[in-house]
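J.: Mind folding the following:
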Amino acid sequence: MGEGIIFKALSGFYYVDGPDGPVTCRARGKFRHRGESPLVGDRVTYTQLEDGSGALDSILPRRNAFRRPAVANIDALVIIASGAIPITDPFLIDRVASLATYKGCENIICFNKCDLDGADELFETYTRAGFRTFRVSAETGEGIDALSEAIAGRICAFTGNSGVGKSSILNALEPEFGLETGDVSVRLGRGRHTTRHVELFRLKNGAVVADTPGFSSFDTEEFSETCRPEELAATFPEFRPYLDQCRFQGCAHVKEKGCAVLAALKAGEIAKSRHESYVRLYQQAKEVPEWKRKDHGC
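T.: Next up is the predicted model:
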């Protein structure tokens, strides 16, 4: 019996990085009967068959798991954004960052194309909010070494709206990958999707990274169906110093009197865009019936 990590899943086959090299595996029928699905990033045990292929035997305990894209055991989520075309909507960053925090991942926010636009306002917003934030340029190489150092030795997922340069940054981190990249459509302000499945790549710095589809495929509906409204504020790091200072217990931090979060917002300690995103996510979470939330608990 061997043990390894699933680095790619495609068409019912699971490609496992085992101690003696990659092994192409199929999942045993018991997974289907139990309603379990192996995910990219899963640590698994498998039995080597006579023909050199393998059969998955078990999934070892997970640190976390995401429904779509189907990845597991992520240490850090690297959110790629841009102040140049296509300009990233802050709400896209905020909803994915909150989901990652809820799942126990660190967020690393990376503004690409800094040679074209430094995204000064966005950079300040997320730096002040307490996120590890980088400016990089896949074109010039600026900031790539700092990003490489931040993810060294960790399992990371890369995500971002289409066209911001996820694959270009991976190519800059590890040029021999030669990942396909898409041109940005000036008319539409977005790029062509070039990443069609989730796959792990090993970097020379010891990091293992997953290049995932864009934000539209990052299932934040899963967040609304698992995170209760009262749990949401803790996923915003800049809210945390104020959560125990509100006048009333159970404060929603939306429009309540005596709310310390709203006082911090008024004082400029919390960015307006961040609080607006919180309110949108809070309202979405409130709309999910409890029976549905329980079905999707993690």
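J.: Tell me which residue lies nearest the centroid of this protein.
T.: With distances taken as Cα atoms, centre = their mean, the residue of the chain nearest its centroid is residue 77 (4.0 Å).
J.: That one and residue 157 touch, don't they?
T.: Yes. In this structure residue 77 lies within contact range of residue 157 using Cβ atoms under 8 Å: 5.3 Å. To be clear about C-beta, it is placed using only N, CA and C from the backbone, and glycine gets the same treatment.
J.: Show me the helices in the stretch 51-200 of the chain, by range?
T.: 90-102, 120-128, 144-151, 166-173 (DSSP state H, counting those that start in this stretch).
J.: Quick one: closest of these to residue 264.
T.: Minimum separation from residue 264 across these (Cβ to Cβ) falls at helix 120-128, 11.6 Å.
J.: re earlier: how about the helices of the stretch 51-200 of the chain in CSV, adding mean neighbour count, distance to residue 59 and mean pLDDT?
T.: As requested, the helices of the stretch 51-200 of the chain are exported to CSV (neighbours: other Cβ atoms under 10 Å; distance: least, Cβ to Cβ, whole Å; pLDDT from 0 to 100):
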stretch, mean neighbour count, distance to residue 59, mean pLDDT
helix 90-102, 22, 21, 93
helix 120-128, 17, 34, 96
helix 144-151, 17, 25, 96
helix 166-173, 23, 27, 88
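J.: nearest to residue 37, of these?
T.: When those are compared by Cβ to Cβ, helix 90-102 sits nearest residue 37, at 19.1 Å.
J.: between the longest helix along the chain and helix 90-102, how big is the angle?
T.: Among the elements of the chain assigned as helix by DSSP state H, the one spanning the most residues is helix 272-286. Orientation of helix 272-286 against helix 90-102 (axes from the mean of the first three to the mean of the last three Cα atoms, to 10 degrees) gives an angle of 60 degrees.
J.: Scan the protein for its longest strand.
T.: Among all segments of the chain classified by DSSP state E, the strand with the greatest residue count is strand 2-10.
J.: Can you list the neighbours in contact with that strand?
T.: Residues outside strand 2-10 that contact it (Cβ atoms under 8 Å, 6 or more residues apart in numbering): 14-20, 22-23, 38-48, 54, 60, 70, 197-201, 208.
J.: Please narrow those residues to those residing in strands.
T.: 14-18, 22-23, 43-48, 54, 199-201, 208.
J.: Among those, name the buried ones.
T.: 14-16, 18, 23, 43-46, 54, 199-201, 208 (16 or more other Cβ atoms under 10 Å).
J.: out of these, which one sits closest to residue 138?
T.: If you rank these by distance to residue 138 using Cβ to Cβ, residue 201 comes first, at 15.4 Å.
J.: State the distance from the residue nearest to the centre of the chain to residue 202.
T.: 18 Å (Cβ to Cβ, to the nearest Å).
J.: returning to that earlier point: return every residue with contacts to both of residue 77 and residue 157.
T.: Taking Cβ under 8 Å, 6+ apart as the contact rule, residue 77 and residue 157 both touch residue 105.
J.: Residue 102 and residue 224 touch, don't they?
T.: No. Using Cβ under 8 Å as the test, residue 102 is too far from residue 224 to be in contact (10.7 Å).
J.: Return the distance of the longest strand of the chain from the chain's centre.
T.: 20 Å (Cα atoms, centre = their mean, to the nearest Å).
J.: relative orientation of it and strand 13-18 in degrees?
T.: With the same axes, to 10 degrees defining the directions, strand 2-10 sits at 140 degrees from strand 13-18.
J.: how about strand 2-10 as CSV, C-alpha atoms only?
T.: What follows is strand 2-10, C-alpha atoms only, in CSV (Å, rounded to 0.1, in the frame of the first residue of the first chain):
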residue,chain,number,x,y,z
GLY,A,2,1.3,3.4,-0.9
GLU,A,3,0.5,6.9,0.3
GLY,A,4,0.6,10.2,-1.7
ILE,A,5,-1.2,13.3,-2.8
ILE,A,6,-3.7,13.6,-5.6
PHE,A,7,-2.2,16.2,-8.0
LYS,A,8,-4.8,16.0,-10.8
ALA,A,9,-8.3,14.6,-11.3
LEU,A,10,-9.7,14.2,-14.8
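J.: Cool, thanks, signing off.
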